[in-house]
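> Test case, fold it:
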Amino acid sequence: MELGAFSISLAVKDVASSRDFYSKLGFEMVAGDGEMWTIMANGPIVIGLFQGMFESNILTFNPGWVGLGEAVDEFTDVRQLSRQLQAMGIETVDDTTGETPGGPASFMVTDPDGNAILFDQHV
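Below is the predicted model:
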């Protein structure tokens, strides 16, 4: 199962202080508004800092992307991933994959320990 680019989305209390902290670890801001959300990278490692958007940290996969949002020509569409996981008995939530036949869509699953995993396709 091809999942796309991986990052972790961190639920932070203050984007500015979190951005400053991760900058000291070598991360640089590559996207975001800098006030409520920021995407940072250190080489191939990508983290998202989100203030007030999520209750907890989320593992994120972006079908159709590699690296820092570079689109790929061929990939497993998020709709197919949703159907495959559901066929295996994994419940999806916040699933928008049935709304359109292609393009952006997303869904989430929860692992046995309660960790949220977001599948978020932008292409």
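> Next, count neighbours for residue 9.
Residues within reach of residue 9, counting by other CB atoms under 10 Å, total 22. Every residue, glycine included, has its C-beta placed from N, CA and C.
> Oops, could you answer that again for residue 21 instead?
Residue 21, neighbours per other CB under 10 Å, totals 13.
> Could you do residue 90 as well?
By the criterion of other CB under 10 Å, residue 90 has 13 neighbours.
> Repeat that for residue 15.
20.
> ok, now which ones touch residue 106?
78, 94, 95, 96, 97, 118, 119, 120, 121 (CB atoms under 8 Å, 6 or more residues apart in numbering).
> By neighbour count, which of these wins?
residue 78 (28 neighbours).
> Return the per-residue confidence for the residue positioned nearest the centre of the chain.
With distances taken as CA atoms, centre = their mean, residue 60 lies nearest the centre of the chain, 3.0 Å away. Listed pLDDT for residue 60 reads 96.
> name the element it belongs to?
Element membership of residue 60 [criterion: DSSP states H and E] is strand 58-62.
> helices or strands up against that strand?
Counting contacts by 3 or more CB pairs under 8 Å, 6 or more residues apart in numbering; DSSP states H and E, strand 58-62 packs against strand 5-12, strand 116-121.
> Could you look up the next helix or strand downstream of the longest one?
Meaning strand 5-12. Heading C-terminal from strand 5-12 (DSSP H and E), you reach helix 15-24.
> re earlier: export the strand holding residue 60 as PDB, just CAs?
Extracted C-alpha coordinates of strand 58-62, given in PDB (Å, rounded to 0.1, in the frame of the first residue of the first chain):
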ATOM      1  CA  ILE A  58      -1.500  13.300  14.100                       C
ATOM      2  CA  LEU A  59       0.600  11.100  11.800                       C
ATOM      3  CA  THR A  60       0.000  12.400   8.300                       C
ATOM      4  CA  PHE A  61       0.300  10.800   4.900                       C
ATOM      5  CA  ASN A  62      -0.200  12.700   1.700                       C
END
